[in-house]
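Trainee: The sequence and its predicted three-dimensional model are supplied below.
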Amino acid sequence: MENNNNLPVLSIETKKIKEVLNLCSMAVSKSPNDPYIIMHVRMSFDFKERLIYIQSTNFKQGLSTKISFDFKEDDVERNNFVCCVPHKEISKIVSICSEESFKVMFKDENMLIKYGNSNHSIPVMIKESKDFPVWKKIADDAPVILINDKESEFCDFIKKISTISTNLEIEDATCYVGIECKDGMVSLSVTDKFILSVIDFYFKCSKNFNTILIPKDAVNFIHKIFSGELIKVIIGNEFIIVKSKEIEIFILLSKTKPFDIIGMYEKISSRTGSYFSTTKESLEESLKSVSIVNDICLLENKKESIVLTTENKEFKQKANSKIDCDVSNFNEQFSFSINNFNKILNILKGPTVKITLNDTVVIVDDVENPNIKNLFGIMK
């Protein structure tokens, strides 16, 4: 680092650095057991361009972006430098700053921050900044997906579909959301071994790739940062890069072998069965009504209507709700988990739902969105 007399006083916009540090918080380790370096943000100061390149990372994901700064010209040529700043400490200081901007300078490996009548000093790491975890470059011929989230609602779908997966089984494929591309169609898929869900998108993708697994926690990371944006996703062997404007994130992929969820769905759903159509609203209302008694629900066909019934024998409690709808002829009774049904309904966008029942599953189709496919197992 340069001598204190040769370093300018930087002026940084408070609002902008608050936004950046908030984003970085999603890719900074919160555990005291993690290496100390991972609880920092890495700041690279470029005096010629007047930019600060900021990076944060933990063991699963990372983020990089940049902000601008200003300083009074004094015809002194500045040397760029890099340091690591404790994320928690600088976030606290900046969060209580009510000024439009604050001043920063460096002295004896300390960052000095000044705004109003307040002064703060934070120890920074200079030598250790070289050891900061940096994600490797993805091959130039890697598959690239171009996504307009405002039109496709990709981020919203990937967040909702992730609620079906579970973290109960560590390093099992049910902990992740699968993504694959075949002939220009990008598919999201997920299972918790009771529910199978597949959502297809027609995006511009440079080449096909087999299913990769994105951790459930990282899915929320994507949703928070890129909703409504134009996104570029680059698929590597070990991690993916997601870019939009000046923000770039890195997500480590699972090494767990993915399930063939799309193949399983096609095989199971090809069986013939009985069906009925209704509105999503009336179905949700009926399920909510009977769920007060029990999660396990019985479905029956009763003269051009469907009746849902739940029972609690211990408390001699019973509830039923009727749905008027078009029903194909079937006389069987089906039992299922209301919780599983609700998880699928949360994904659907359209107002009309088609329910198909065969000997093993309930298939739930969004009539207005044929690229959304869901099923879950029934109980005999």
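Mentor: Alright, I've got the coordinates. Residues are numbered from 1 along each chain as shown.
Trainee: Straight-line length of stretch 201-214, end to end?
Mentor: Using C-alpha to C-alpha, to the nearest Å, the end-to-end distance of stretch 201-214 comes to 17 Å.
Trainee: Over to stretch 138-148?
Mentor: End to end - C-alpha to C-alpha - stretch 138-148 spans 22 Å.
Trainee: now what about that stretch, what contacts it?
Mentor: 154, 181, 186, 201, 203-209, 230-237, 239, 241 (C-beta atoms under 8 Å, 6 or more residues apart in numbering). The way it works is simple: take the backbone N, C-alpha and C, and place the C-beta from them, glycine included.
Trainee: Show me how to select, in ChimeraX, the buried members of those residues.
Mentor: Buried residues within the contacts of stretch 138-148, by 16 or more other C-beta atoms under 10 Å, are selected in ChimeraX with:
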select :154,181,186,201,203,205,209,231,233,234,235,236,239,241
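Trainee: shaky segments in the stretch 101-250 of the chain?
Mentor: 167-171 (pLDDT under 70).
Trainee: Tell me where it has helices.
Mentor: Applying DSSP state H, counting those that start in this stretch to the stretch 101-250 of the chain gives helices spanning 149-152, 154-162, 216-226.
Trainee: if we can go back for a sec, list the ones among the contacts of stretch 138-148 that fall in strands.
Mentor: Mapping the contacts of stretch 138-148 onto strands (DSSP state E) picks out 181, 186, 201, 204-205, 209, 230-235, 239, 241.
Trainee: Tell me the strands beside the helix or strand that residue 41 is a member of, with direction?
Mentor: According to DSSP states H and E, residue 41 maps onto strand 40-46. Strands that pair with strand 40-46, judged by DSSP bridges, come out as strand 51-57 (antiparallel), strand 81-86 (antiparallel).
Trainee: Single out the most deeply packed of these.
Mentor: strand 51-57 (a mean of 21; mean count of other C-beta atoms under 10 Å).
Trainee: Mind checking what secondary structure residue 59 has?
Mentor: coil (DSSP: H, G, I helix; E, B strand; the rest coil).
Trainee: now the closest residue to residue 209 other than its chain neighbours: how far from residue 201?
Mentor: Closest residue to residue 209 apart from its sequence neighbours, by C-beta to C-beta, 6 or more residues apart in numbering: residue 143 at 4.6 Å. Distance of residue 143 to residue 201, computed by C-beta to C-beta, to the nearest Å: 14 Å.
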